[in-house]
Every structure is written in structure tokens, then in C-alpha cells.
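1. Model the structure of this input:
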Amino acid sequence: MSGRIPWPVPEPHLPSGAHPAPAVATRAATDAFRAAREAYDRAQLAKKVRVGADGTPTMRLDILVDTAMAEVVNAHRINLLSEELGRIDNGSAVTLVTDPVDGTANAASGVLSAFAGVIAVDGVPTEALASWLDTGRCWHTVAGRPSAYRTKAVRSWTARW
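-> Predicted coordinates:
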């Protein structure tokens, strides 16, 4: 399969009450994702251009989206921990832990992928925001508040970091 991915990338449907950091990061990731799809074909998006901070090969799409998202996070002077870029320390108590394109190989092929981010304050996760990049649908949850989102296997959460 070659060529550009033809379908549009919609704006994310951000929930009210979401922390501003993951909200602006989601918008930046979505905008960069859209621009990358418009500028590059599938093979160019999937090209491995470097090794990410996690030690795995990083595709062009990862770098384009991660870099744009990091610029916005830096402008808001919060810390970033990203799969591709690693840690950016802006001296803030707030850190965004993110995978800006979760499922990059899928995304480069034109299959669903997502932005995923967690806000941690002084190392404690406080809320999470995820957005399907191809649909704009978002999920948001806050630590300590009941959530409608469940998986069958998870009964409790214990931070292990």
C-alpha cells in the first residue's frame, strides 16, 4: 500500500475539565499528525529516522508529532517524559508522560492510532487523556474519581514508578 492516506484527521473532542497540559498537547499532536499525513506518503511516514529515547527505532511520524507536541509543552513550562524524546526537565512539579502516537506503525499504514498522556504532579499520576487521532474521540479520567472506563483484568491500580 502506497500513497498518502486520504481521509481527514478531525479536531479532538476534548472533555471539559481536562488539565490544560494534556489538552494543548493533544491539539498539538493532532495538528502535527494531520500535517504529516498531508505532507508524506505511507512509506515516508514509516521510515525509521533515528533511535528513540526508549532504545527502539523511531519513525518519521513519531518525530514530527513528538517534536510539535514537545514545543507546546515547553511553552507551558511543564516537564515531559516521552517515548521518543525522553525527558525534558523544565523544573516544574507537573510532568506530562506521553506517547504522542501510540500505534505508529498502524498510523503510518492508515489504521487507528492514539495520543496518550498522563499528568503527574510531583511524581503522582493525577489524570489521563487519550484521543483517537483518526476520529477525535477522547477519554479522560481523574485519579480518585469513579470512571466509566474499565478493563476486565484490572481491579486496582498501584503506581510502580
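2. can you map out the strands along this protein?
-> Using DSSP state E, the strands of the chain run over 48-51, 57-59, 79-82, 86-88, 94-102, 114-121, 124-132, 138-142.
3. if we look at the fourth one, which residues are touching it?
-> Contacting residues not belonging to strand 86-88 are listed as 52-53, 70, 73-74, 79-82 [C-beta atoms under 8 Å, 6 or more residues apart in numbering]. Backbone N, C-alpha and C define where each C-beta goes, glycine included.
4. nearest spatial neighbour of residue 136, skipping sequence neighbours?
-> Residue nearest to residue 136 in three dimensions, not counting chain neighbours: residue 10, with 3.9 Å by C-beta to C-beta, 6 or more residues apart in numbering.
5. neighbours around the one you found, how many?
-> Residues contacting residue 10 under the criterion other C-beta atoms under 10 Å number 14.
6. For it, list the residues it contacts.
-> Residues in contact with residue 10 (C-beta under 8 Å, 6+ apart) are 134-136.
7. ok so, going back, just the buried residues of the contacts of strand 86-88.
-> 52, 70, 73, 79-82 (16 or more other C-beta atoms under 10 Å).
8. Which two of those have the greatest separation?
-> 52 and 79 (17.8 Å; C-beta to C-beta).
9. that older thread, pick the one among the buried ones among the contacts of strand 86-88 closest to residue 37.
-> residue 70 (19.4 Å).
10. So what's the residue count around residue 54?
-> If you count neighbours by other C-beta under 10 Å, residue 54 ends up with 11.
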